[in-house]
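J.: here is my input; please provide its structure:
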Amino acid sequence: MLSTGRTVTTPFVEWAASLPAALQAIERRDFDGALLDTNLSGTTVYPVADVLASRRVPFVFVTGYGRTADSEKRFPRAPILKKPFDCTGLARLLEHEMAQHRRAERRPVV
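T.: Sure thing, here's the model as predicted:
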């Protein structure tokens with residue numbers, strides 16, 4: 001339960017502190033969404049974002065630096081959650097992103 005009163009229904013959270021650990025995690029299981037710190041021990045998390053994007057898994061970049069030219073070029077639609085953040089801002093952004101993802105899945109392919 002978040003302080004916003006919303007119930008979190010995600011049954012599993014994976015914590016990965018390095019790029020290799022994050023890549024292994026997304027190979028081991030399917031995820032409904034992801035929060036990606038843009039800097040994992042000095043390495044950008046973009047390879048993980050590439051895999052998630054190819055699988056159509058929604059993700060949010062978490063950063064203390066804001067959007068960079070590189071992230072804007074590679075992932076122009078990826079939302080950014082700026083550190084520090086609170087539970088309310090996190091919950092609001094996750095709800096928005098998951099709702100957009102559900103709507104996109106229902107659109108017919110033309």
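
J.: only C-alpha atoms from now on, for both contacts and neighbour counts.
T.: Noted.

J.: what sits against the most centrally placed residue in the chain?
T.: Residue closest to the average C-alpha location in the chain (Cα atoms, centre = their mean): residue 59, at 2.4 Å. Residues in contact with residue 59, defined by Cα atoms under 8 Å, 6 or more residues apart in numbering, are 33, 34, 35, 36, 49, 52, 78, 79.

J.: now do the contacts for the nearest residue to residue 78 once chain neighbours are set aside.
T.: In space, and not counting its chain neighbours, residue 78 is closest to residue 60: 6.1 Å by Cα to Cα, 6 or more residues apart in numbering. Counting by Cα under 8 Å, 6+ apart, residue 60 touches 34, 35, 36, 78, 79, 80, 81.

J.: same thing but at 6 Å, please
T.: Shown in contact with residue 60 (Cα atoms under 6 Å, 6 or more residues apart in numbering): 35, 79, 80.

J.: for the protein, what are the low-confidence residue spans?
T.: 1-11, 107-110 (pLDDT under 70).

J.: could you redo the last one with a cut-off of 80?
T.: 1-13, 98, 101-102, 104-110 (pLDDT under 80).

J.: what segments of it are helices?
T.: Along the chain, counting by DSSP state H, helices occupy 19-28, 46-54, 69-74, 87-106.

J.: could the ones you listed go into JSON lines alongside distance to residue 13 and mean neighbour count?
T.: Listed next are the helices of the chain as JSON lines, based on distance: least, Cα to Cα, whole Å; neighbours: other Cα atoms under 10 Å:
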{"stretch": "helix 19-28", "distance to residue 13": "10", "mean neighbour count": "15"}
{"stretch": "helix 46-54", "distance to residue 13": "16", "mean neighbour count": "16"}
{"stretch": "helix 69-74", "distance to residue 13": "24", "mean neighbour count": "12"}
{"stretch": "helix 87-106", "distance to residue 13": "14", "mean neighbour count": "13"}
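
J.: between these, which one is closest to residue 40.
T.: When these are compared by Cα to Cα, helix 19-28 sits nearest residue 40, at 6.1 Å.
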